[in-house]
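1. just to be clear, the model below is a prediction. Sequence and coordinates:
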Amino acid sequence: MEVRVRYAPSPTGLQHIGGVRTALFNYFFARANGGKFLLRIEDTDRERYSDESLEDLYSTLEWLGIKWDEGPIVGGSCGPYVQSERTELYREYARKLVETGHAYYCYCTSERLEQLREKQKVEKKEFGYDRKCRDLSEEEQQKLRDQGIRPVIRLKIPLDGYTEYEDFLLGKMKKKNTDVNPDPILLKSDGFPTYHLANVIDDHFMGITHILRAQEWIPSIPLHVILYKAFGWEPPVYCHLPMVMGSDGQKLSKRHGSTSVRDFRAKGYLPEAILNYVSLIGWSYDDSREFFTREELERLFTLDKLNKAPGVFDYKKLDWFNGQYIRKKSDDELMALLIPYLEKAGTVSTPMTEAETAVLKAAVPLAKERLKYLSDIPEVIGFLFKAPENYCREDLIPKKLDQTKTLEILDVLSGMLDKFITMSEEEIEPVLRDKCAELGVKLGDFLMVLRVAVTGTRISPPIVGSIKLLGAEETERRIKNTINLLKSGDK
RNA sequence: GUCUCCUUCGUCUAGGGGUUAGGACAACGGGUUUUCAUCCCGUCAACACUGGUUCGAUUCCAGUAGGAGAUGCCA
């Protein structure tokens, strides 16, 4: 039997780490088994729906390189793949359930339900609907309809007995029907289905064979199984994925930091890093390997390496992966990725001039090892495009030296700038060491004076290489400027 | 309140009746270096607890504790 799985998000917010992890695992599982991966839009909550969320979903999946075999945009034989376009189907099947005695109309208002919950909370009684409308006669119903009340349709959960079900990860489970959510709503009064109804109907008609979703859905498995039975359908294989938590052990959310992929993307995380790291939450390959490309995961992913315990999302490890992937990029690839960040920061003009392009191209190898995020780039190489505005005396004058000595060093440097350009780094080093010996200063101090004069800070890419990019003329200007500022006593 | 799931270093995890309980991130220390970063080396660090089964349990079983999730006309 062909494996058919789906990712069925609700476009009510930005795609976040947890959702993407579910999408990824479904996608990998389909690929690894030569099956189909479907995308379905569960937009039955009209209150919370937003176009922005839907666009974010598409762009996130595209960015990660996840293509769906059937779904919106690409189509397929089980369409439409957007639930709001399938409402007639849900209504029809909800009615069928009423006709067969598996469901009933409920006329309780939201207000009554709210009061009921409130009361149950105070009295510390069991929560849930009290099944008031479960056995309403036709006359009673007609009366309520005459009052203009638009009913919902609720599923009849058996009042006794057990429901047995199985989860690939968790094994066989059995639940008393009295412990199942009493008579959940299937069709809302606005005519839209709830998750439970739409999900079961769509999974059935779309031929879904395996349901991989987060463990927060465990409590509704019996409910779904009861629904499948009511329809006379065979439920798919369930596999509930461990949840993704924040550092405090609670469900990952905004208060733990960025969780939307869009935020990570804006900050300069690479899709490879996100995909690789996220795949390792709740899944592992063996006892040592943890680098995987998307293509590799499409081959290697298996359900039996899933972990049952929830996993904490570790931002630091993600950062580490991102650094690793940045360093794996070719210079040209990295440069293309960096340009938008430089343009946005105003470090270069938009579009870049030829001169800027040339400088950047040469600067990428210098910056590569210093980037944690792509967005770090303006800070790392900004000085190549713009002279520093001021100098901090403390940074400029080495600890054991004074202003006079610093000025002397600057003077010596400005007299030998051509060597920085013409000689290779290997050639110039002994020359610099000789000069330091002459001056009686350490090479580190000597170059630190130069570094601060040229870049404005004590932290920068290798200074010799930087000067080669800057050119002797510009370097000279910056040194002269530093000398003047130092002499005038300004900071 | 009720129901359900989970439990190996701080974090992600490997392992599994007999192991020096392995790896990675982090942290800390050291080395390379021209600052930072990279890179390299090292150190610290875990089987929640209590019973049972067994010659032997971190591994199997039960209970306890702790954590999490669900309990919506949200998904």
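-> Noted; the coordinates are in hand. Numbering: from 1, shown residues only, chains lettered A, B, ... in the order given.
2. who touches the helix or strand bottoming out on mean pLDDT in chain A?
-> Least confident element among the helices and strands of chain A, by mean pLDDT, DSSP states H and E: helix A:393-396 (a mean of 84). For helix A:393-396, the surrounding residues in contact (Cβ atoms under 8 Å, 6 or more residues apart in numbering) are A:406, A:449, A:452-453, A:457-458, A:482, A:486, A:491. (C-beta placed from N, C-alpha, C; glycine too.)
3. buried ones only from these, please, as a PyMOL command.
-> Buried members of the contacts of helix A:393-396, defined by 16 or more other Cβ atoms under 10 Å, are picked up in PyMOL with:
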select buried, chain A and resi 406+449+452+453+482+486
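4. got TSV for the contacts of helix A:393-396, with secondary structure and pLDDT too?
-> Output for the contacts of helix A:393-396, formatted as TSV (DSSP: H, G, I helix; E, B strand; the rest coil; pLDDT from 0 to 100):
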residue	secondary structure	pLDDT
A:Thr406	helix	92
A:Val449	helix	95
A:Val452	helix	95
A:Ala453	helix	94
A:Thr457	coil	93
A:Arg458	coil	93
A:Thr482	helix	93
A:Leu486	helix	86
A:Lys491	coil	42
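5. which ones among the contacts of helix A:393-396 come in contact with RNA strand B?
-> A:Arg458 (Cβ under 7 Å from any atom of the strand).
6. out of the contacts of helix A:393-396, which one sits closest to A:Pro222?
-> Closest approach to A:Pro222 among the contacts of helix A:393-396 (Cβ to Cβ): A:Thr457, at 61.9 Å.
7. without its sequence neighbours, what residue ends up closest to the closest one?
-> Distances taken as Cβ to Cβ, 6 or more residues apart in numbering put A:Asp395 closest to A:Thr457, at 6.8 Å, once the chain neighbours are dropped.
8. and that neighbour, how many residues sit next to it?
-> 16 (other Cβ atoms under 10 Å).
9. any idea how far it is from A:Lys229?
-> 74 Å (Cβ to Cβ, to the nearest Å).
10. just the pLDDT for the residue sitting nearest the centre point of chain A.
-> For chain A, the residue nearest the mean C-alpha position is A:Val261 (2.9 Å; Cα atoms, centre = their mean). At A:Val261, the model reports a pLDDT of 97.
11. need the contact list for it.
-> Taking Cβ under 8 Å, 6+ apart, we find A:Val261 in contact with A:14-17, A:20, A:60, A:63-64, A:274.
12. the same query, at a cut-off of 10 Å, please.
-> By Cβ atoms under 10 Å, 6 or more residues apart in numbering, A:Val261 lies in contact with A:14-17, A:19-20, A:56-57, A:59-61, A:63-64, A:269, A:271, A:274, A:278.
13. and the pLDDT for the residue lying farthest from the centre of chain A?
-> Going by Cα atoms, centre = their mean, the residue of chain A most distant from its centre is A:Glu438, 55.9 Å out. Listed pLDDT for A:Glu438 reads 90.
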